[in-house]
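Student: got a structure for you, letters missing:
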C-alpha cells in the first residue's frame, strides 16, 4: 500500500481563472466525462508522481527519475496503489487516483491469447499516470471547482498543504502554454489495409460465421499521416466538431492520446457497475428530414437490431462474471443517440458487484467490449488478430480514471487519435455479421472515423 495524504480546497475568483488556464498547458492531462448523476466532470491533472506501464507482460513503474520492473501480478500491484487508506469518502466523482488507458491487448494475458507480433505504434498495453495535483470541476454546469493535492510519502500539515497548493497552481500556470490559436497540419492519410484486402477479410469472417465459429467480429483499419504542430489544438478542434459525451487528452512522454468517445465502457460507483453498449450505426443526414428517415431505417433494420441485442447479451454476460446475478438490470434498450457524423443505437446495463470485487477486476472481466471485438468474444479476438495482423494499441480499450475510493469511469477508446513520432493515427471498425456487405462495412469505418474517401488522398491543413 502506498502511503499518501489527500488534501482538498475550493477555489474561486482569480484562482479559478488560473485553473481554466491549465487547459492550455502542454503537460496537463484532461478528462471531460458525464457523471452517473447526469452532471459533468472535468479533471485537469498535472505533476506526475508515478507512471505505471505494462507491455508484452512486463510491468514497469517510473517515479522520481527511477525505473523499476515489477515481478508481481499487474492486477495485484495496481490494487496496492488503488486501495482506500481510510480517507473520508469525497462527494466528488474523482478525488485522486490513476488516469490513463487499458489497451485492447491488456486482457490477452488473462485469456492466454497471442498478441500480434507486428506493433507499428509501439504502444503500451497499460499506461496509467498517478499525478500529485488535480483541478476538478463538477456539477450540472461544472459550477464547483476544487483543487486536490496528493502528498505521497512524507507527511505535511493541512496548513503546509494549503500553502503548497496555492504555490503549485501558480507554478503550473507559469509553465509552457499553448498559443491561443495554435495550428496543426495532417498529411494525406494511408490505411494499413487496402479496400480490396478489407473486403476480402470481411468475406473470410463471414465464412467463419457460416461455419458456426462466431456470430460477429469487429474488423478495423488504421489511417496514418504525417502530423505537424499542436496535438492539443487538434484535440480542441475534434471536441468542437464531435458532439460526444466523453473527451480525453493524455500527454505521455512518448505520445499523445486524445479523442471524443460516444460510449461508456465501464463505470463503478459504490459497488454498482454501469455499461453502455453501442451497436447499430447510420451516417448523419444532410437535413433533419433525412436524419429522421435514417433513424427509421436503422430502427427497422433487423440486422442492426440483432447485432445490438447480441452485444447487449454479451455485456450482460461480462457483468455476470463479477456481479450478483439477480442485480443485473437493463435500464435503456436500443435508444437513438445522434453524434456529429453518425447515429447510434444505445443501451444501458447495471449490476451490483460482489463485495470482494475491485474495479480492476471489472476491467479484467469486461475488456475489451463486445462492441469492438465480437461474439463469442475470445474466438472473435483470435480472428481479429489473424486478419488485422497488428496490435491495436489503445484503440478498442478503455480510457479514463480509477480513484483511490473505488470509483471508476472508462470510456471506450474509439473516435480517438494517437500522435507519435511526427505521425497521427486514427482507427475505426465495423461489426461483421452473416449478411454484411463488404463495401458497406468499409464505408462504415470511414464514417466512424469522420473521413470521406476523397480525404484519404487529400492534404488537410487546419
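Tutor: Ah, there it is. Since this is a predicted model, take the numbers as computed values, not measurements.
Student: what about the helices in the stretch 1-150 of the chain?
Tutor: Taking DSSP state H, counting those that start in this stretch as the criterion, the stretch 1-150 of the chain contains helices spanning 13-21, 74-81, 108-111.
Student: weakest of those in terms of mean pLDDT?
Tutor: The minimum mean pLDDT among those belongs to helix 13-21 (a mean of 84).
Student: what does that one rub up against?
Tutor: Residues outside helix 13-21 that contact it (C-beta atoms under 8 Å, 6 or more residues apart in numbering) are 11, 44, 135, 137, 145, 147, 166, 169, 170, 173, 177. All C-beta atoms are positioned from the backbone trio N, CA, C, and that covers glycine.
Student: repeat that with 6 Å
Tutor: By C-beta atoms under 6 Å, 6 or more residues apart in numbering, the residues outside helix 13-21 that reach it are 135, 145, 169, 173.
Student: OK, contacts around the first one?
Tutor: For residue 135, the contacting residues are 19, 44, 147, taking C-beta under 6 Å, 6+ apart as the criterion.
Student: could I get the helices of the stretch 1-150 of the chain as JSON lines with mean neighbour count and distance to residue 128?
Tutor: Formatted as JSON lines, these follow (neighbours: other C-beta atoms under 10 Å; distance: least, C-beta to C-beta, whole Å):
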{"stretch": "helix 13-21", "mean neighbour count": "14", "distance to residue 128": "23"}
{"stretch": "helix 74-81", "mean neighbour count": "16", "distance to residue 128": "7"}
{"stretch": "helix 108-111", "mean neighbour count": "16", "distance to residue 128": "16"}
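Student: and the closest residue to residue 246 other than its chain neighbours, how many neighbours does it have?
Tutor: Once flanking residues are discounted, residue 246 sits nearest to residue 411: 3.7 Å by C-beta to C-beta, 6 or more residues apart in numbering. Each residue near residue 411 was counted by other C-beta atoms under 10 Å, and the total is 31.
Student: tell me the pLDDT at residue 411?
Tutor: 97.
Student: that's a helix at it, yeah?
Tutor: No: Residue 411: not assigned to a helix; according to DSSP: H, G, I helix; E, B strand; the rest coil it is strand.
Student: pLDDT of the longest strand belonging to the chain, averaged?
Tutor: Longest among the strand segments of the chain by residue count, using DSSP state E, is strand 40-55. Regarding strand 40-55, the rounded mean pLDDT is 94.
Student: cool, and stretch 379-386?
Tutor: Rounded mean pLDDT across stretch 379-386 is 96.
Student: Run through who's touching that stretch.
Tutor: In contact with stretch 379-386 (C-beta under 6 Å, 6+ apart) are residues 116, 213, 214, 217, 373, 374.
Student: rerun that using 8 Å as the cut-off
Tutor: Applying C-beta under 8 Å, 6+ apart, the set of residues contacting stretch 379-386 is 108, 111, 113-116, 205, 208, 213-214, 216-220, 368, 373-374.
Student: And these, which of them are buried?
Tutor: 108, 115-116, 205, 208, 214, 216-220, 368, 373-374 (16 or more other C-beta atoms under 10 Å).
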